[in-house]
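Novice: Give me a model of this one.
(one chain, ligands or ions: 2)
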Amino acid sequence: MRGVDSYELNDGNSLPVVGFGTVSLRGDEGVAAMRAALENGYRLLDTAVNYGNEEAVGQAVRASSVAPEDVRITTKIPGRHHEYSLAVKSVEESLRRLGSDCIDLCLIHWPNPSVGKYVEAWRALVDARERGLVRSIGVSNFTEHHLRAVIDDSGVAPAVNQIELHPYFPQAAMRRVNDGLGIRTQSWSPLGKHSAPFAERPVAEAAAAHGATPAQVILRWQLQLGALPVPKSADPQRQQENLDLFGFELTDAEVAAISGLGKDDGRLFGGDPDVHEEF
Ligand SMILES: NC(=O)C1=CN([C@@H]2O[C@H](COP(=O)(O)OP(=O)(O)OC[C@H]3O[C@@H](n4cnc5c(N)ncnc54)[C@H](OP(=O)(O)O)[C@@H]3O)[C@@H](O)[C@H]2O)C=CC1
Ligand SMILES: O=C(O)C(=O)[C@@H](O)[C@H](O)C(=O)CO
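Specialist: Ligands and ions are numbered 1, 2, ... in the order given. Below is the predicted model of the structure:
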């Protein structure tokens, strides 16, 4: 596998094996950071309505030297837009803010149990894809019962399920569920955000053994699990570091030792999709 490689999705489209997270990248500084990311080689930008930066994402793509058709953009529908008509409008508004005529990948951001309308939002996404507004459709923070509900209702499996996945929360069971349903797992907060396990022994030892940084080891672990990480960095050097993952390979024992850091309460902020609400 190399940086330019892509995963094929269950709808025949493809996505680069590493993406770029954009949460908190806003305004001129955000545009500059995202433009640097594109020029450093990223070809997938991960945004959301709730990040408040879709306009900035569009600006970064247009300002960069990379051809827009070579860049994939993911956005996400928030919980307050799950009703069918609001979900359709959400997609249309995202297109306007991005300055695009088609979204590469649109996800339902969280299932939002108190809203109880994620199946409606999914129908809206299926229809938006038929109208050519979206190329690929997927979900985020879905557990098995959410996935089965949308598949049973529509007959369409999400192309992607973007879930919390880092060494303290390796998500073995959800990865198996996604694999079994032909859904590509993407990893959010792949480095562990503010709780990055850089100093943990299995990470530090693998970094020393391979002449890599702890961040590279964690992202390489993500790739060897078959997940697609979307690390965020505002810093051009760290952006390059996070994409330079293809000159070494972790042994099976190293992968297992890093997965062994997982804890039952390893979630970063307790974001259990059956309970957590984000509107
Ligand atoms: N679907 C969902 O519900 C969610 C999706 N996401 C998506 O996932 C993306 C990534 O997750 P995020 O929460 O941002 O966390 P990450 O795990 O990507 O970590 C980002 C943090 O790590 C630092 N960092 C990045 N690279 C390195 C490095 N090589 N060495 C040391 N520190 C580093 C960054 O600082 P600096 O910028 O200074 O480099 C930043 O503080 C988000 O941006 C968003 O797109 C996130 C949360 C939930
Ligand atoms: O960043 C995202 O996509 C989120 O869903 C966040 O809001 C995340 O849930 C979070 O950081 C909550 O504190």
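
Novice: Phi first, then psi, for the residue in the chain positioned nearest to ligand 1.
Specialist: Of all residues in the chain, the one sitting closest to ligand 1 is Gly21 (2.4 Å; CB to the nearest ligand atom). Bear in mind the C-beta positions are built from the backbone N, C-alpha and C, glycine included. The phi/psi pair for Gly21 (degrees, to the nearest 10) reads phi -80, psi 140.

Novice: Could you give the number of residues near it?
Specialist: The tally of other residues near Gly21 (other CB atoms under 10 Å) stands at 26.

Novice: What is the neighbour count of the closest residue to Ser187 other than its chain neighbours?
Specialist: The shortest distance from Ser187 to any non-neighbouring residue, by CB to CB, 6 or more residues apart in numbering, is to Leu165 (3.6 Å). Look at Leu165: counted by other CB under 10 Å, it has 24 neighbours.

Novice: Same check on Asp101?
Specialist: The number of residues near Asp101, taken as other CB under 10 Å, comes to 8.

Novice: again, but for the one 10 residues further on
Specialist: Look at Pro111: counted by other CB under 10 Å, it has 28 neighbours.

Novice: Can you name the residues that contact Phe169?
Specialist: Each residue near Phe169 by CB atoms under 8 Å, 6 or more residues apart in numbering is listed here: 262-263, 266-268.

Novice: Keep only the residues you listed that also lie close to ligand 2.
Specialist: Among the contacts of Phe169, proximity to ligand 2 is found for none (CB under 6 Å from any ligand atom).

Novice: Looking at the residues you listed, spot the one nearest Ile73.
Specialist: Nearest to Ile73 among the contacts of Phe169: Leu268, at 24.4 Å, using CB to CB.

Novice: That closest one against Lys193, yeah?
Specialist: Yes. Here Leu268 reaches Lys193: they are 5.8 Å apart, a contact under CB atoms under 8 Å.

Novice: any common contacting residues for those two?
Specialist: Counting by CB under 8 Å, 6+ apart, the contacts common to Leu268 and Lys193 are His166.

Novice: thinking again about what came up before, can you give me phi and psi for the closest residue in space to the residue of the chain closest to ligand 1 that isn't next to it in sequence?
Specialist: Among residues not flanking Gly21 along the chain, Lys232 sits closest, at 3.3 Å (CB to CB, 6+ apart). When read as degrees, to the nearest 10, the backbone of Lys232 gives phi -110, psi 140.

Novice: Next, count neighbours for Lys232.
Specialist: Using other CB under 10 Å, Lys232 has 22 neighbouring residues.

Novice: isn't it right next to Leu25, touching?
Specialist: Yes. Between Lys232 and Leu25 there is a contact under CB under 8 Å: 7.2 Å.

Novice: State the three-state secondary structure for the residue lying closest to Ala48 once chain neighbours are set aside.
Specialist: Closest residue to Ala48 in three dimensions, ignoring its sequence neighbours and counting by CB to CB, 6+ apart: Lys76, at 3.8 Å. Secondary structure of Lys76, reduced to three states by DSSP: H, G, I helix; E, B strand; the rest coil: strand.

Novice: my read: Lys76 touches Asn112, true?
Specialist: No. Using CB under 8 Å, Lys76 makes no contact with Asn112, being 12.0 Å away.

Novice: who has more neighbours, those two?
Specialist: A direct count of neighbours by other CB under 10 Å for Lys76 and Asn112 places Lys76 higher, at 25 against 21.
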